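> 3D, please:
(one chain, ligands or ions: 1)
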Amino acid sequence: MRNLLIVLSFFLLAALASAQSQPQLNLMPMPASVQPGTGQLPINQSFSVAVTGNHDASLDREVQRFVAQLSRQTGFPFRPKSGVAPTLQIHADHGREAVQKLGEDESYELTVADSGAKLTAPTTLGVLRGLQTFLQLVQITPAGFAAPSVTIKDQPRFPWRGTLIDVSRHFIPIDVLKRNLDGMAAVKMNVLHWHLSDDQGFRVESKKFPKLTQMGSDGMFYTQGEISEFIAYAHDRGIRVMPEFDIPGHSQSWFLGYPELSSGSGPYTLEGGGMNPIMDPTRESTYKFLENFIAEMAKLFPDAYFHIGGDEVDGKQWDANPKIQEFIHAHGMKNNQDLQAYFNQRLQKIVAKNHKIMVGWDEILHPDLPKTIIVHSWRGQQSLAAAAKQGYSGLLSFGYYLDLMWPAARHYAIDPMSDAAATLTPQEKSLILGGESCQWAEWVTPENVDSHIWPRNAVIAERLWSPQEVKDVASMYARMNAVSLDLEWLGLTHRSARLHMLHRMAGSADISALRILADVVEPVKDYNRWSDTKGPIDFHAPLTRMIDAVSPESDTARHFSDLVQTFAQSGYKDQAAEAQIRMWLATWRDNDARLHPLLDQTSLLQEDAPLSQDLSALGAAGLQALDYLDKGQPAPDSWKTQQLGLIEQSKQPMADMLLMVVAPVQQLVEASAGQAPHN
Ligand code: ACM
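As a prediction, this is how the structure comes out:
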């Protein structure tokens, strides 16, 4: 560990020292060990690759994809010259497992010198990871595209680094999922957790139980052929696909076709709201159904792990059903939790009979279950530690919920080994396998799902791959932004979709003023959009408002806030910072006059008028505060009181969005009135 720290600090110092001569290394996730060299490897039209050692069709496809991606990134149609040494030599000692295993060796070594690069790995899976690092190394320099000289030795910190994508609430087509797999592979994630069924839709074709999709979906689901092809696509990219069928709660979609599975009496709908029907764990017929269903799905999904959900079981229907209460008493159970544990025990046996390991959300933790199961922690970090103390392996998703619209830094700060897990013994810690980000799909469509996942998912990928000590936030943001641009070369649309959506709102009008507003707002956080919705969510409503187009995190607001901090730390003397702050404030002050005519013309923008007015007022307030600061005399109390009133008003969500420049403007106003900074 100490050596690692020395290597890392050496890297940081060396990176600073050579900032003039070498481009910054925009690697994410940061490798375990990076030693910069001198010089750089030019990447030009004659770029070529040679493979030695273990060789298979999957590796050939990977190398082809790698070359195509490098070609897209640099714009070169490569024309390798014959008879010259290859630019990049690849060597793997061994091939990969036909079904990727948890903990399969992903390590690699990559050496780049001015004369050529070499990538070696114990397995072809490690080659996959190393090629992604090479792609991130290539940057534009004054001398053209090049990879800096460097020696990288790398392996993951955790073997399980996943992304959950919910395709039930809003169906996500295979092509959209595929480009997200490409993004995951680019940041070395290795598990897609596919949340395939929930109250709002059952998304997998079952040949044994066809009514699951015929009646339990809106007609949008994946055929078994599509699923097998998708799993092969994921395997080529070093990604396991773990299915989740969430039971006994979150299961209304099953009951439209198979009401006998339910502990209630219906009627059932996919629209949500009202009752919360759950499965009946007291009938033998339920287990017979699950035996057949799981046997079918276990064949379709080759991964060794099978997620049964198990979260948020609302026991009202168990309470209301006399037969179920009778069963609880007859079996000496105390409550619904005991009944769910009984259900899980039966389920675990079925899953194990199909040669799978059962994974479930943290509600399934119960001493009656065998230690082979995996506990997936979502309600807090303590459940991960509690599971490990009882001898269960665990995964962390608490803190990694992308749908909560947190800034990247907040996800980045959460470490699977921190909080309650920090007190575990080394033996207990070894049970923590990693974690998964979660993209729940209440508020996304295929059009904007990428922007809810990326680029923030890259920092969670780094948390799970890189050494625990890699946690500098400024470096993270710089590297995340670089990776974000690269991800669009893969076909992800997290940046471009926003512009398309703003154009939809604006018609054919110029959107430059609209962009200025959209750049400084963020969606409301946590579940506040949900609580603002009157009644159940309409999952077929269009998601075409400004909140649906904007990024979860405003880069402009973060940069502006940093500028104000720089200015404050200089005692409000730094003229360069002040000039930039003034430029932003004036842009915002004048923006409403430019934007207002457009807001009135389109129904999709009318709700944003107050937001635009508040942004202008904040711009004006900030400029006046700077004038007072420049004059060196405190702003009058009456002015300050008035501005703080405006600031309080601007903190309220409008059209389900937050103006993210309020706090730094407040800081300027308070400073101009001679007050210590608010934060
Ligand atoms: C969950 O978010 N209910 C797992």
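> what helix or strand does residue 488 sit in?
For residue 488, the host element (DSSP states H and E) is helix 473-489.
> buried ones in that helix?
Going by neighbour count (16 or more other Cβ atoms under 10 Å), the buried part of helix 473-489 is 475, 476, 477, 479, 480, 482, 483, 484, 486, 487, 488, 489. Every C-beta, even on glycine, is put in place using the N, C-alpha and C of the backbone.
> what mean pLDDT does the helix or strand immediately after it in the chain get?
Using DSSP H and E, the helix or strand that follows helix 473-489 in sequence is helix 496-506. Across helix 496-506, pLDDT averages out at 97.
> so what does the next helix or strand after helix 496-506 touch, helix or strand wise?
The helix or strand immediately downstream of helix 496-506 is helix 512-518, counting by DSSP H and E. Packing partners of helix 512-518 (3 or more Cβ pairs under 8 Å, 6 or more residues apart in numbering; DSSP states H and E): helix 496-506, helix 546-549, helix 575-601, helix 609-631.
> which of these sits closest to the ligand?
Closest approach to the ligand among the helices and strands packed on helix 512-518 (Cβ to the nearest ligand atom): helix 546-549, 21.1 Å.
> mind listing what's buried in whichever helix or strand comes after the closest one?
Later in the chain than helix 546-549, the nearest helix or strand by DSSP H and E is helix 555-569. Using 16+ other Cβ under 10 Å as the test for burial, helix 555-569 gives 556, 557, 558, 560, 561, 563, 564, 567, 568.
> model confidence for the second one, exactly?
Reading off the confidence values, residue 557 has pLDDT 98.
> just the fourth one next, same as before
Each residue has a pLDDT score; the one for residue 560 is 98.
> quick one, what contacts it?
The contact partners of residue 560, taken as Cβ atoms under 8 Å, 6 or more residues apart in numbering, are 520, 581, 584, 661, 664.
> how about these, which pair is most distant?
Spanning the widest gap among these are 520 and 581, at 13.6 Å by Cβ to Cβ.
> which parts of the protein sit against the ligand?
311, 312, 361, 378 (Cβ under 6 Å from any ligand atom).
> hmm, 8 Å instead?
Taking Cβ under 8 Å from any ligand atom as the measure of proximity, the chain contacts the ligand at 250, 309, 311, 312, 361, 376, 378, 397, 401, 438, 440.
> highest neighbour count among the residues you listed?
Within the residues of the chain next to the ligand, residue 376 tops the neighbour count with 33 neighbours, counted by other Cβ atoms under 10 Å.
> show me the beta-bridge partners of the nearest residue to it once chain neighbours are set aside.
Take residue 376 and drop its neighbours on the chain: the residue closest to it by Cβ to Cβ, 6 or more residues apart in numbering is residue 395, 4.7 Å away. Beta-bridge pairing of residue 395 under DSSP bridges involves residue 376, residue 434.
> what's the local residue count around residue 205?
Using other Cβ under 10 Å, residue 205 has 20 other residues around it.
> residues contacting it?
Contacts of residue 205 by Cβ under 8 Å, 6+ apart are 213, 221, 222, 223, 224, 227.
> what of residue 604?
Here residue 604 is in contact with 504, 505, 544, 545, 546 (Cβ under 8 Å, 6+ apart).
> can you list which of the contacts of residue 205 are found in helices?
Those of the contacts of residue 205 mapping onto helices are 213, 224, 227, per DSSP state H.
> the residue of the stretch 451-600 of the chain found nearest the ligand: neighbour count?
In the stretch 451-600 of the chain, no residue comes nearer to the ligand than residue 527, which is 10.6 Å away by Cβ to the nearest ligand atom. By the measure other Cβ under 10 Å, the count of residues near residue 527 is 14.
> can you point out the buried residues in stretch 297-304?
Going by 16+ other Cβ under 10 Å, stretch 297-304 has these buried residues: 297, 298, 300, 301, 302, 303.
> beta partners of the residue lying closest to the first one once chain neighbours are set aside?
Leaving aside its sequence neighbours, residue 297 sits nearest to residue 243 (Cβ to Cβ, 6+ apart; 6.4 Å). Following DSSP bridges, residue 243 is listed with bridge partners residue 194.
> pLDDT at residue 243, what is it?
99.
> cool, and residue 435?
For residue 435, the predicted pLDDT is 98.
> how about it, what does it touch?
By Cβ under 8 Å, 6+ apart, residue 435 lies in contact with 158, 160, 161, 162, 395, 396, 397, 400, 416, 460, 463, 464.
> specify the local secondary structure of the residue in the chain that the ligand sits nearest to.
Closest approach between the chain and the ligand, counting by Cβ to the nearest ligand atom: residue 311, at 3.9 Å. Three-state assignment for residue 311 (DSSP: H, G, I helix; E, B strand; the rest coil): coil.
> check contacts around it.
Residues near residue 311 by Cβ under 8 Å, 6+ apart: 246, 249, 250, 360, 361, 362, 363, 378.
> which pair of these spans the longest distance?
250 and 362 (14.6 Å).
> can you give me the helices in the stretch 1-150 of the chain?
2-17, 57-74, 124-137 (DSSP state H, counting those that start in this stretch).
> quick one: mean pLDDT over stretch 605-625.
Rounded mean pLDDT across stretch 605-625 is 98.
> buried residues, it. List them.
So for stretch 605-625, counting by 16+ other Cβ under 10 Å, buried means 605, 607-609, 611-625.
> next: stretch 58-67.
58, 59, 62, 63, 65, 66, 67.
> of those residues, just say which sits nearest to residue 147.
Minimum distance to residue 147 across the buried residues of stretch 58-67 is 13.0 Å, recorded for residue 66 (Cβ to Cβ).
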